[in-house]
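Novice: Have a look; sequence and predicted model below, questions after that.
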Amino acid sequence: MRIKKSIAVMIALMTAMAMFTLTGCQDEEAEQPEEMIDYEIALITDEGLISDRGTSEAVWETIIDFGSAKGISHKYYKATEAKPNAVADVLDNAVQKGAKVIVVEDNEIADCVFEKQEDYKDTAFIAINADPYDSANGDIRIRENTVAVTFAGEQAGFMAGYAAVMEGYTDLGVLTEGKTTQDHNVTLGFAKGANRAARELGVTAHLRCAACGEETPRIDAANKAAEWYQNGTQVIFAWGDRIEDTVIGEAETCDGKVIAGITDKGEISDTVLISAVEDIDTALKAMLTDYFDGHFKGGEIVTYGVSDDAISLDYRNSRMQNYVKDEYDALYDQIKSGKIKIKVDGVENVKDLDLSNIEF
């Protein structure tokens, strides 16, 4: 009996060793079973954190909600760095993994999409807040398998500027992450909104405007915000995920205030008065629904704004004390009805606007 038992133990040990040897020889890069499925919706992002409380997080949460509700597989692919080759590699990988729809939300990543859209004509591309143009010559370049989703930045800026002055601030700044069309329109809208409120109150407001450089937006934002706050700026409207935390940090140091943009940042800091937000969830779900229902708006630039209830000031975490929500709602209704028109087309410089109650 003891001999039989010993033999059984030896066989078990030999079997375990053989399995260990085979496992140890496996390629660490080999796909695991859960990675062998096709992911139909893919988000392409760069080396930054996807949980950034900004656009990336909003886009990914929307994809999760949509995919889970519809039973559609989804995954995000992160490039090792924000460079064209790295982004192209993960985009190629996403297509090879079966992506039917690729979503991007950053201009640098979108530049890669506007190259790859021609290589992958059977793949749909959705670009959120990204200008669909050739960075070399500025030409619009969007194929029938790509849709660019933008938001009316001038409306967000207008409501933020109006609110800042109505709250009682007259020394203002607007700082954008870059120099895209939306960034430019945000600045123009902010100036127009601040001017309207100043005119209604019979005051004059001082306005500083700047756009950060593409190479070092955070450094530029820190330097500019610190300079402005130290020279009397009371509140800065910060537009762009890469610079908002930096501006908020400078506001905390200099005892300044911030109006945030794109997503609600009210829980981050007591310096955030309010946020001018975009309804990314509704817009992206509409595009995904169109695709899977066979009505994809390829070849178009789709702009969402107040008329779609897709741009608003978020009062849930507001620290506004003087400009109450009822007053804001009245302004919102006037914009939505068209009574207040925010025209910025063709204006190249904020100083070209007719601003009777703004000094620069």
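Specialist: The structure has been received and is ready for your questions. Residues are numbered from 1 along each chain as shown.
Novice: tell me the pLDDT at residue 190?
Specialist: As predicted, residue 190 sits at a pLDDT of 98.
Novice: My read is that it contacts residue 159, right?
Specialist: No - at 9.0 Å, residue 190 does not count as touching residue 159 under the criterion of Cβ atoms under 8 Å. C-beta coordinates here come from the backbone N, C-alpha and C atoms, glycine included.
Novice: Pick out whichever of the two has more residues nearby.
Specialist: residue 190 (32 against 25; other Cβ atoms under 10 Å).
Novice: Checking that one next. Helix, strand or coil?
Specialist: helix (DSSP: H, G, I helix; E, B strand; the rest coil).
Novice: what sits against it?
Specialist: 157-158, 160-161, 172, 174, 207, 237 (Cβ atoms under 8 Å, 6 or more residues apart in numbering).
Novice: how close does it get to residue 273?
Specialist: 14 Å (Cβ to Cβ, to the nearest Å).
Novice: before we move on, back to that, including neighbour count and distance to residue 112, could the contacts of residue 190 go into CSV?
Specialist: What follows is the contacts of residue 190, written out as CSV (neighbours: other Cβ atoms under 10 Å; distance: Cβ to Cβ, whole Å):
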residue, neighbour count, distance to residue 112
157, 33, 28
158, 31, 33
160, 28, 31
161, 31, 34
172, 27, 36
174, 29, 29
207, 24, 36
237, 29, 30
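Novice: Is it possible to get a markdown table of those that adds pLDDT and secondary structure?
Specialist: Below are those laid out as a markdown table (pLDDT from 0 to 100; DSSP: H, G, I helix; E, B strand; the rest coil):
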| residue | pLDDT | secondary structure |
| --- | --- | --- |
| 157 | 98 | helix |
| 158 | 98 | helix |
| 160 | 98 | helix |
| 161 | 98 | helix |
| 172 | 98 | strand |
| 174 | 98 | strand |
| 207 | 98 | strand |
| 237 | 98 | strand |
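Novice: now those residues in CSV, with distance to residue 114?
Specialist: Formatted as CSV, these follow (distance: Cβ to Cβ, whole Å):
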residue, distance to residue 114
157, 26
158, 30
160, 30
161, 32
172, 35
174, 28
207, 34
237, 29
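Novice: which residues of the chain fall in strands?
Specialist: 41-45, 74-78, 101-104, 124-128, 146-151, 171-176, 205-211, 235-239, 257-262, 272-278, 300-304, 311-314, 358-359 (DSSP state E).
Novice: Just give the number of residues close to residue 122.
Specialist: 7.
Novice: What residues does it make contact with?
Specialist: Neighbours of residue 122 in contact, by Cβ under 8 Å, 6+ apart: residue 145.
Novice: neighbours around the closest residue to residue 142 other than its chain neighbours, how many?
Specialist: Sequence neighbours aside, residue 132 is the residue nearest to residue 142 in space, at 4.2 Å (criterion: Cβ to Cβ, 6 or more residues apart in numbering). Residues near residue 132, counting by other Cβ under 10 Å, number 24.
Novice: Kindly state the pLDDT recorded for residue 132?
Specialist: pLDDT at residue 132 comes out at 70.
Novice: how near is it to residue 138?
Specialist: 11 Å.
Novice: swap in residue 288?
Specialist: From residue 288 to residue 138 the distance is 29 Å (Cβ to Cβ).
Novice: who's more crowded, those two?
Specialist: Comparing residue 288 with residue 138 by other Cβ under 10 Å, the one with more neighbours is residue 288, at 23 against 9.
Novice: wouldn't the more buried one be in contact with residue 128 here?
Specialist: No - counting by Cβ under 8 Å, residue 288 sits too far from residue 128 to count as a contact (11.4 Å).
Novice: For residue 309, which residues are in contact?
Specialist: Per Cβ under 8 Å, 6+ apart, neighbours of residue 309: 279, 282.
Novice: just residue 307 next, same as before
Specialist: So residue 307 contacts residue 336 (Cβ under 8 Å, 6+ apart).
Novice: Same check on residue 77?
Specialist: 42-45, 90-91, 93-94.
Novice: And it, how far from residue 250?
Specialist: 33 Å.
Novice: residues near residue 156, how many?
Specialist: Residue 156 has 32 nearby residues by other Cβ under 10 Å.
Novice: Nearest residue to it in space, ignoring adjacent ones along the chain?
Specialist: residue 276 (4.1 Å).
Novice: what residues are up against residue 213?
Specialist: With Cβ under 8 Å, 6+ apart, residue 213 has these contacts: 178, 220.
Novice: do residue 101 as well
Specialist: Per Cβ under 8 Å, 6+ apart, neighbours of residue 101: 40-42, 123-126, 288, 291.
Novice: Alright, that wraps it up for me.
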